[in-house]
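Peer 1: Pasted the sequence and its predicted model underneath.
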Amino acid sequence: MSMLDSLTVAVAVLVITLGAAITDLRERRIPNVLTVPAMAAGLLFHGLLPWGQGWLFALTGFALGAGLLLLPYILGGGGMGDIKLLAALGTWLGPRGLLIAFACGVIVGAAFTLVCLVTGKSLEELVRPMARASQPHDAGSGVASRAKRFTTSSRKALPFAVPLAVGTWLMVAMALVRGGWY
């Protein structure tokens with residue numbers, strides 16, 4: 001695969017993850033209108049185009065992506081949008097690239113979670129400081145107010161598309177610097 005083809009895959013993956021991160025952060029969901037066409041495009045790119053990696057590459061990436069978060073979903077720890085996003089990324093990145101992107105996303109997610117725990121704020125509060133500033137302030141201050149904020153925001157699940165996007169961007173950047181991940 002040429003550098004131009006690697007750039008095509010990189011741009012597609014960056015657009016997919018950016019759209020998913022924004023909608024997951026804003027709406028707490030990843031819409032099918034993003035994931036389903038992304039899956040189809042990845043399958044077609046690798047399956048039909050002569051510079052693609054082939055159907056097996058795209059389909060094994062798809063299956064791995066769909067399977068990685070299936071158990072957490074069954075146990076109530078995620079949503080179908082996350083599963084479909086990983087399946088879509090798998091069609092573009094293949095199994096090896098997807099595993100690296102997923103691992104990077106999990107590490108970034110752990111770092112985000114640690115920052116949220118230390119600050120007592122949700123990810124939404126951290127990335128949207130202006131929205132929080134326009135809301136009425138708590139009457140309390142100090143430790144009691146911080147404890148109240150901490151318990152309220154800690155109940156919110158981290159929108160996984162955000163750390164997955166950051167982790168994927170890191171993986172793609174490293175792969176492009178190295179000359180491709182294929």
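Peer 2: That came in fine, so what should we check first?
Peer 1: Report the mean confidence score over stretch 163-173.
Peer 2: For stretch 163-173, the mean per-residue pLDDT is 95.
Peer 1: going on from the helix or strand of the chain with the lowest mean pLDDT, what's the next piece of helix or strand?
Peer 2: None of the helices or strands of the chain scores lower by mean pLDDT, DSSP states H and E than helix 142-153, at a mean of 43. Next in sequence after helix 142-153, counting helices and strands by DSSP states H and E, comes helix 161-178.
Peer 1: Residues touching that following helix, excluding its own?
Peer 2: Residues from elsewhere that reach helix 161-178 (CB atoms under 8 Å, 6 or more residues apart in numbering): 6-7, 10, 13-14, 17-18, 20-21, 23-25, 30, 81-82, 85-86, 89, 93, 97, 100-109, 111-112, 123, 181. Any C-beta I mention is one placed from the backbone N, CA and C, and that applies to glycine too.
Peer 1: and it, how far from the chain's centre?
Peer 2: Counting by CA atoms, centre = their mean, to the nearest Å, helix 161-178 is centred 10 Å from the centre of its parent chain.
Peer 1: Only C-alpha atoms, please: export it in CSV.
Peer 2: What follows is helix 161-178, C-alpha atoms only, in CSV (Å, rounded to 0.1, in the frame of the first residue of the first chain):
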residue,chain,number,x,y,z
ALA,A,161,-15.5,7.3,21.6
VAL,A,162,-13.5,10.2,23.0
PRO,A,163,-10.5,8.3,24.4
LEU,A,164,-10.8,5.8,21.5
ALA,A,165,-10.5,8.7,19.0
VAL,A,166,-7.5,10.1,20.8
GLY,A,167,-5.8,6.7,21.0
THR,A,168,-6.6,6.0,17.3
TRP,A,169,-5.1,9.3,16.3
LEU,A,170,-2.0,8.5,18.2
MET,A,171,-1.8,5.1,16.6
VAL,A,172,-2.4,6.5,13.1
ALA,A,173,0.2,9.3,13.6
MET,A,174,2.8,6.8,14.7
ALA,A,175,2.0,4.4,11.9
LEU,A,176,2.3,7.2,9.3
VAL,A,177,5.6,8.3,10.7
ARG,A,178,6.8,4.7,10.5
